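Colleague: How does the following fold in three dimensions:
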Amino acid sequence: MQSMDQTGISLRHMLRRTLAALCVLLLPVVALGAPFAYITNQIDDNVSVIDTATNTVTATIAVGDFPDAVAFNPAGTRVYVTNRGDATVSVINTTTNTTVATVSVGVDPRGVVVNPAGTRVYVANNGSNTVTVFDAGTNTVVATIPVGSFPQGIAINAAGTRVYVANYGDDTVSIIDTATDTVIGGPLAVGNGPLGIAVNPAGTRLYVGNSLENVNAAFEGTVSVIETTGNTIIATVTVGQDPYGIVVSPNGSRVYVANCCAQSVSVMETTGNTVIATLSVGNNPAGISINQDGSRVYVANLGDDTVSIIDTATLTVLGTTVTVGNQPQAFGNFIGPGVAPSTDNTPTDPIPALPTLPGVPGIGTQPTALNLGGGQGPTLTDCLLATARKLFGNDATYLGQNANGVARISINGSRVIAFYPLQASTGTPGGEGIHLTGSNVLNVGTSCGNFNVAPALANLAEFGTLISGMGLTASINTQGVLTLVVGEKVYAARPDYLSRLGLPGTAQAPSLVLGPDGAYRFTDSAGTVQILLPAFLDTDALAIQASAQQGGWIHIDADGTALFTLFNGLRFLLTADMTLNRVGPENAALLSWQDGPRHYQFRGSTLVLAQGVSLQAR
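Modeller: Modelled structure (predicted):
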């Protein structure tokens, strides 16, 4: 692919901030008699639900883009998930494990917390330097409160009178009076890069993890201990490198700190503010939480997609870990009585997959598409068409689904949208409309359900016949991306969702032509033209490499380009090279490297060949 820029910031410093900011939490959510943990998987855009009685994943819930933090209401009936990529909060019904509402908040929402009454939700917006307050009954925003720079972690006292916000950018803590929704007093100075923040059950002590506070050559971090009556720091405790998630035990006697870059958890005794144990856990531990009786601590390991479990009586890490989704990331500690989620994962609106697709000359693998004519397909397709009419005009018309699984909708009588329907649900996690994901797949919400769709060739049969006649073969992956081998070169492209229809009565020989813009155009026998755009072949690997090297997250737009947002708010447009490249011996051990101004090569851990990516500031 093509490139990434260092934006004038030293790579080492950015990488440290990245690792600290990448490490993000799992939240065990405890139900009476049946504890459950809700863990955000940032790359998968979903939440894994773990039954902590059996340490098994019992459900997976689709949420918004790049989910981060989790908050549990006191009644255990709702879970709130911040979605950094689309500036929303997903509201989950824990009885059905479905997303029942989506609330728009500030830019890059991070920590989230619910007041003890369960009536208000507070969200720290890292990109807006604000805290959004919304009513938990109506899911409407009631206040927006300015705080410090790049707010991250957020905590509330047991009385519900004070909200504390860790401001990563200016090394302070803001204190909010919940009666007036205003910041009171001046910001409280703490250590460098505060991220995680927790308050003890009595409300008398506040603990803040300072992720960039290097106390010696070992880069050990610190925790600021604050007495809340006078809001003064009474101790600074050395812990592991890049402390991130932080949680206080239910009896207030211990504090557990996840050290993201030290692969460890520090255990503090609160009586003397001393570390009594350092426990090795998984790679890049980020989030941390403790169950209701204080017997188990759960740690989300961002680097190896697992959850570690600590026995607090013996201060040992259990041998069993739980595998969850891709880059589990959550933030904060949200524990309370819950409602046992349903373990029935049967879709509420099953749409069967099409049977084996017919062979197409020149086409190897094809995606598995849903049969929109089966099950609840017709009903959901009607809702999909209604959404298309709201977006593109009332003359949008559903043209049906062909034998290759490609569904088509005409727009204004001059264009056609062609797509593979990959998944469907009666839930609407992103609301009605088109929602970008971290991959080439788009999520389309309708009034009665939602689809995940990938771009498709409107006339796959003629395209296959054309390239077959050229002695070529293409394969189509599950994200709609074509790979085509031509001699020594390998190309990666994806069709534009939109095709321009030919004039009525047009008849011509199909063609594939390289345009002056570097994109190929396929014209079928009826004169319909569809552009083949350069495509990111492995979007997951791209996102991982971009985050690891630069610090941020990726959106793949409908045109195949990527929007890369850094943690500092800067944005860049990434465009893939269409041609993949063989890796020379000098780069054989690298997963990515810079090979020109604003141009990088990347292959992640999955690609044999490298793909270039170019970068342009937005």
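Colleague: Determine which residue of the chain is most distant from the centre point.
Modeller: Here the chain reaches farthest from its C-alpha mean at Gly505, the gap being 46.9 Å by CA atoms, centre = their mean.
Colleague: And it, what's its pLDDT?
Modeller: On pLDDT, Gly505 comes in at 74.
Colleague: so which helix or strand takes in it?
Modeller: Element membership for Gly505 (DSSP states H and E) is empty, with no helix or strand holding it.
Colleague: Next, find the distance separating it from Leu372.
Modeller: Using CB to CB, to the nearest Å, Gly505 is found at 30 Å from Leu372. C-beta coordinates here come from the backbone N, C-alpha and C atoms, glycine included.
Colleague: ok, now Phe564?
Modeller: 34 Å.
Colleague: gap between the two ends of stretch 582-597?
Modeller: This stretch, stretch 582-597, spans 20 Å end to end (CA to CA, to the nearest Å).
Colleague: cool, and stretch 500-516?
Modeller: Start-to-end, stretch 500-516 (CA to CA) is 18 Å.
Colleague: how about that stretch: buried residues?
Modeller: Neighbour-count burial for stretch 500-516 flags 501-502, 510 (criterion: 16 or more other CB atoms under 10 Å).
Colleague: Dump those into JSON lines; add secondary structure, distance to Asn587 and pLDDT as well.
Modeller: Supplementary listing: these in JSON lines, determined by DSSP: H, G, I helix; E, B strand; the rest coil; distance: CB to CB, whole Å; pLDDT from 0 to 100:
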{"residue": "Leu501", "secondary structure": "coil", "distance to Asn587": "45", "pLDDT": "88"}
{"residue": "Gly502", "secondary structure": "coil", "distance to Asn587": "45", "pLDDT": "83"}
{"residue": "Pro510", "secondary structure": "coil", "distance to Asn587": "39", "pLDDT": "93"}
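Colleague: low pLDDT regions in the stretch 301-450 of the chain?
Modeller: 334-350, 427-431, 437-438 (pLDDT under 70).
Colleague: try it again with 90
Modeller: Scanning the stretch 301-450 of the chain for pLDDT under 90 picks out 303, 319-320, 329-362, 364-369, 373-380, 391-392, 402-404, 412-414, 422-450.
Colleague: All the helices of it, residue numbers only.
Modeller: With DSSP state H, counting those that start in this stretch as the criterion, the stretch 301-450 of the chain has helices at 377-392.
Colleague: residue boundaries of the helices in this protein?
Modeller: Ranges of helices in the chain, per DSSP state H, are 11-22, 377-392, 460-469, 539-549.
Colleague: Next one, pLDDT for Met1 please.
Modeller: Met1 carries a pLDDT value of 24.
Colleague: sorry, that was for Thr222
Modeller: 94.
Colleague: So it sits against Gly240, correct?
Modeller: No - contact criterion CB atoms under 8 Å: Thr222 and Gly240 do not qualify, at 10.2 Å.
Colleague: what's the nearest residue to the residue nearest the centre of the chain if we skip its chain neighbours?
Modeller: With distances taken as CA atoms, centre = their mean, Phe66 lies nearest the centre of the chain, 1.8 Å away. Closest residue in space to Phe66, ignoring its immediate chain neighbours: Gly85 at 3.5 Å, by CB to CB, 6 or more residues apart in numbering.
Colleague: Could you measure from that neighbour over to Asn284?
Modeller: 20 Å.
Colleague: who's more crowded, these two?
Modeller: Taking neighbours as other CB atoms under 10 Å, Gly85 and Asn284 compare with Asn284 leading, 26 against 23.
Colleague: So what does the more buried one have for phi and psi?
Modeller: Phi and psi for Asn284, reported as degrees, to the nearest 10, are phi 50, psi 60.
Colleague: all numbers from here: first residue = 446
Modeller: Renumbered: residue one is now 446, and that last one reads Asn729.
Colleague: State the pLDDT value of it.
Modeller: Note for Asn729: predicted pLDDT of 91.
Colleague: swap in the one 10 residues further on?
Modeller: Gly739 is assigned a predicted lDDT (pLDDT) of 84.
Colleague: now swap in the one 5 residues further on and tell me
Modeller: Predicted confidence (pLDDT) for Val744: 94.
Colleague: Does it touch Ala703 like I think?
Modeller: Yes - contact criterion CB under 8 Å: Val744 and Ala703 qualify, at 5.7 Å.
Colleague: Looking at these two, which is more packed in?
Modeller: It is Ala703, of Val744 and Ala703, that has more neighbours when counted by other CB under 10 Å, with 36 against 29.
Colleague: OK, contacts around the more buried one?
Modeller: By CB atoms under 8 Å, 6 or more residues apart in numbering, the contact set of Ala703 is 468, 470, 641, 688-691, 710, 726, 730-733, 744.
Colleague: Kindly recompute the last result at 6 Å.
Modeller: Applying CB atoms under 6 Å, 6 or more residues apart in numbering to Ala703 gives the contacts 689-690, 710, 730, 733, 744.
Colleague: and what of Gly666?
Modeller: 655, 658, 684, 686-688.
Colleague: Recalculate using a threshold of 8 Å.
Modeller: By CB under 8 Å, 6+ apart, the contact list for Gly666 reads 636, 654-660, 683-688, 704.
Colleague: Quick check: closest non-adjacent residue to it.
Modeller: Pro688 (4.3 Å).
Colleague: Quick one: residues contacting that neighbour.
Modeller: Contacts of Pro688 by CB under 8 Å, 6+ apart are 640-641, 654-656, 666-668, 702-705, 711.
Colleague: Let me know the distance separating it from Gly732.
Modeller: As judged by CB to CB, Pro688 and Gly732 stand 12 Å apart.
Colleague: Equivalent analysis for Gly551, please.
Modeller: Using CB to CB, Gly551 is found at 21 Å from Gly732.
Colleague: Same drill for these two, tell me which one is more crowded.
Modeller: Legend: neighbour count by other CB under 10 Å for Gly551 and Gly732, higher for Gly732 (35 against 20).
Colleague: hang on, isn't the more buried one packed against Gln772?
Modeller: No - Gly732 is not in contact with Gln772 according to CB under 8 Å; the separation is 11.5 Å.
Colleague: quick one: contacts for Ala831?
Modeller: By CB under 8 Å, 6+ apart, the contact list for Ala831 reads 891-892.
Colleague: ends of stretch 742-757, how far apart?
Modeller: Counting by CA to CA, you get 7 Å between the two ends of stretch 742-757.
Colleague: can you give me the offset of it from its chain's centre?
Modeller: Mean-position distance between stretch 742-757 and its chain equals 19 Å (CA atoms, centre = their mean, to the nearest Å).
Colleague: Which positions in it come out as buried?
Modeller: Quick answer for stretch 742-757 (16+ other CB under 10 Å): 742-755, 757.
Colleague: quick check, nearest of those residues to Thr677?
Modeller: Set against Thr677, the nearest of those by CB to CB is Val742 (28.5 Å).
Colleague: State the distance from the closest one to Ile733.
Modeller: Going from Val742 to Ile733 by CB to CB gives 6 Å.
Colleague: what do you get for Leu1036?
Modeller: 28 Å.
Colleague: Looking at those two, which one has more neighbours?
Modeller: Of the pair Leu1036 and Ile733, Ile733 is the one with more neighbours under other CB under 10 Å, namely 31 against 18.
Colleague: give me the beta-bridge partners of the more buried one?
Modeller: Taking DSSP bridges as the rule, Ile733 bridges to Val744.
Colleague: Enumerate every residue touching it.
Modeller: By CB under 8 Å, 6+ apart, the residues touching Ile733 are 470-471, 690-692, 701-703, 710, 742-745, 778.
Colleague: Take those residues and keep only those in strands.
Modeller: Among those, the members found in strands (DSSP state E) are 471, 690-692, 701-703, 710, 742-745.
Colleague: Buried subset of the contacts of Gly666 as a ChimeraX selection?
Modeller: A single ChimeraX command selects the buried members of those (16+ other CB under 10 Å):
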select :636,654,655,656,657,658,659,683,684,685,686,687,688,704
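Colleague: Identify, from the contacts of Gly666, the entry nearest to Gln811.
Modeller: Minimum distance to Gln811 across these is 44.2 Å, recorded for Asp687 (CB to CB).
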